[in-house]
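Asks: build me a model:
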Amino acid sequence: FLNQGIRPVVPSRGSVGEADITLASHIGDAMMGEWRVIVNDKVIPAAEALNKAGITPLDPIGKDALSILSTNAISTAYSAKAIMNAQQIIDITPLVFAMSLEGLNGNISPVLPQNIAVRPFPGPADRAKDIRDTLSGSYLWEKNDTRPLQDPLSFRTTVFVLNEAKRDLANAQQMLSIQMNSSDDNPAVILDASQE
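Replies: Coordinates of the predicted model:
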């Protein structure tokens, strides 16, 4: 579908249900040549789109229909998009922070390795180095007697907040990877299952 520019029409609202049943059913309908799809920003019958693209409509057998409906694929996709957005925010944070610190004529002491080493948690030293690298060549490295001794707390804690965001993102990526690479089959059918 995606390679042919076909997008199933999926309602933004549905009934209260388990998993993504109400959303996934519309995708399944389109795969079977029923319901509607969007092609070139126009809503057309799915059968017409499949015919034009040379795609044979799905003829579900056995548990095919259940596997299409009883899935968390849509929520997983939304989660993947959220993680990608979070990754982008985390990646740009050192630059945004450095620019903000320059705009404030801020104090660089919270990103100095000596100060970070006072609390040697795993990760902050790397985040501080990212910020120092971003500030390379900045006027903030020059002595300035008019610079405030201490910046607002939000500036002083950025290294640690960014580090925790990175750790949480890594955990979310790991959990999502497990979800994406595992079966959603419910109930799961395991051949020759043992009690162990």
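
Asks: most distant residue from the middle of the protein?
Replies: Farthest-out residue of the chain from its mean C-alpha position, per Cα atoms, centre = their mean: residue 145, at 43.6 Å.

Asks: what about that one, is that helix, strand or coil?
Replies: coil (DSSP: H, G, I helix; E, B strand; the rest coil).

Asks: quick one, phi psi at it?
Replies: phi -70, psi -20 (degrees, to the nearest 10).

Asks: how close does it get to residue 139?
Replies: Between residue 145 and residue 139 the computed distance is 14 Å (Cβ to Cβ, to the nearest Å). Backbone N, C-alpha and C define where each C-beta goes, glycine included.

Asks: for the protein, where's the lowest mean pLDDT among helices and strands?
Replies: Lowest on mean pLDDT, DSSP states H and E among the helices and strands of the chain sits helix 64-69, with a mean of 81.

Asks: please write out the alpha-carbon positions of that one in PDB.
Replies: What follows is helix 64-69, C-alpha atoms only, in PDB (Å, rounded to 0.1, in the frame of the first residue of the first chain):
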ATOM      1  CA  ASP A  64      -5.800 -13.900   9.300                       C
ATOM      2  CA  ALA A  65      -8.800 -11.600  10.200                       C
ATOM      3  CA  LEU A  66      -8.000 -11.900  13.900                       C
ATOM      4  CA  SER A  67      -4.300 -11.100  13.300                       C
ATOM      5  CA  ILE A  68      -5.300  -7.900  11.400                       C
ATOM      6  CA  LEU A  69      -7.800  -6.800  14.100                       C
END
